[in-house]
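Engineer: give the three-dimensional model of this entry:
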Amino acid sequence: MSWTADKIPDQSGCTVVITGANSGIGREATRELARNGATVIMACRSVERGEDAAGDVREDVPDADLRVEECDLGDLESVRAFAERLADETIDVLINNAGVMAIPRSETEDGFETQFGVNHLGHFALTGLLLENLATDEGEPARVVTVSSGVHERGEIDFDDLQGEESYDEWDAYAQSKLANVLFAYELERRFLTAGTNAESMAVHPGYANTQLQFRGPEQSGSRLRMAAMKLMNTVVAQSAEMGALPTLYAATAPEAEGGAYYGPGGFKNMRGTPERQASSDRSYDEETARRLWAVSEDLTGVEYDLPEPKVEVPA
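Structural biologist: Numbering: from 1, shown residues only. This is a model prediction of the structure:
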């Protein structure tokens with residue numbers, strides 16, 4: 001298929017929550033959803049940067065219906081406060097987009113390794129806290145779209161050292177967190193189906209998109225060599241953030257998008273191009289690992305889902 005943003009259906013009356021909406025893929029997804037009539041709640045760690053991004057979107061879409069809210073995925077108290085402010089609202093689409101990549105080891109406010117804490121645990125908690133907002137009894141299913149990465153294919157879930165306290169490699173930690181994203185998306189879909197919930201869960205990856213995400217690791221480590229390499233790769237290999245946002249937009253809006261699926265760019269080495277359905281790594285379909293990760297995530301975050309253990313499978 002050759003699906004582009006001009007195929008987004010009318011989103012009038014649709015409320016979308018996007019984490020990390022102030023930059024990169026999150027900002028471009030915000031722009032296109034607002035252009036097509038959606039109300040977008042921009043969940044950002046920095047309200048100031050979120051307001052700047054909202055201003056940028058309104059330059060293109062003057063009538064954009066945007067709301068910036070603070071939500072720091074590295075602080076479960078902030079995540080809970082955000083969810084409480086949305087307690088009376090119906091959410092049609094939740095896009096778990098925010099993330100950090102390949103940074104030196106650090107810890108969140110709750111003592112989690114930052115990549116695992118922000119990329120996976122923060123979104124796990126947020127989704128669970130917004131579950132009642134998403135569960136509609138009639139009409140089109142609500143959607144949860146979790147943004148992973150092709151790097152998840154090298155990932156393993158190290159239950160003996162989830163927080164990288166004994167051994168830490170920044171890329172291994174990133175890959176683990178991105179594999180956790182896919183495992184979570186599939187397990188959530190299995191539980192939705194088992195419960196008969198009118199909601200769908202799917203995972204996406206943007207390919208290699210030119211965003212600021214790639215620069216945070218080199219900046220924090222002070223590596224000029226890595227910074228130069230990233231700039232070169234972003235210039236020569238990467239596609240635009242607008243193109244990188246297409247799998248997310250497809251999963252969030254396309255009538256034909258399916259729960260339990262994994263979408264990414266269908267071009268060169270799945271790094272660029274328009275979205276298509278793809279297979280994720282073999283590890284991502286391991287239901288035993290997914291259930292164990294789910295239980296550990298509930299324990300670590302203190303967020304329990306009112307969903308039964310799954311009795312159905314998500315096809316690979």
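Engineer: could you export stretch 120-135 as PDB, CA atoms only?
Structural biologist: Backbone C-alpha positions of stretch 120-135 (Å, rounded to 0.1, in the frame of the first residue of the first chain) are rendered in PDB as follows:
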ATOM      1  CA  HIS A 120       8.000   1.100  28.900                       C
ATOM      2  CA  LEU A 121       7.000   1.500  32.500                       C
ATOM      3  CA  GLY A 122       5.800   5.100  32.100                       C
ATOM      4  CA  HIS A 123       3.600   4.200  29.200                       C
ATOM      5  CA  PHE A 124       2.400   1.000  30.900                       C
ATOM      6  CA  ALA A 125       1.300   3.000  33.900                       C
ATOM      7  CA  LEU A 126      -0.300   5.800  31.800                       C
ATOM      8  CA  THR A 127      -2.300   3.300  29.700                       C
ATOM      9  CA  GLY A 128      -3.600   1.500  32.800                       C
ATOM     10  CA  LEU A 129      -4.600   4.700  34.400                       C
ATOM     11  CA  LEU A 130      -6.500   5.800  31.300                       C
ATOM     12  CA  LEU A 131      -8.100   2.400  30.700                       C
ATOM     13  CA  GLU A 132     -11.600   3.500  31.800                       C
ATOM     14  CA  ASN A 133     -11.300   6.600  29.500                       C
ATOM     15  CA  LEU A 134     -10.600   4.300  26.500                       C
ATOM     16  CA  ALA A 135     -13.200   1.600  27.100                       C
END
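Engineer: tell me how far it is from the chain's mean position?
Structural biologist: Its chain's C-alpha centre and that of stretch 120-135 lie 12 Å apart, by CA atoms, centre = their mean, to the nearest Å.
Engineer: same question for stretch 84-94.
Structural biologist: On CA atoms, centre = their mean, the centre of stretch 84-94 falls 17 Å from the chain's centre.
Engineer: where in the stretch 201-316 of the chain is pLDDT low?
Structural biologist: For the stretch 201-316 of the chain, the stretches with pLDDT under 70 are 211-238, 312-316.
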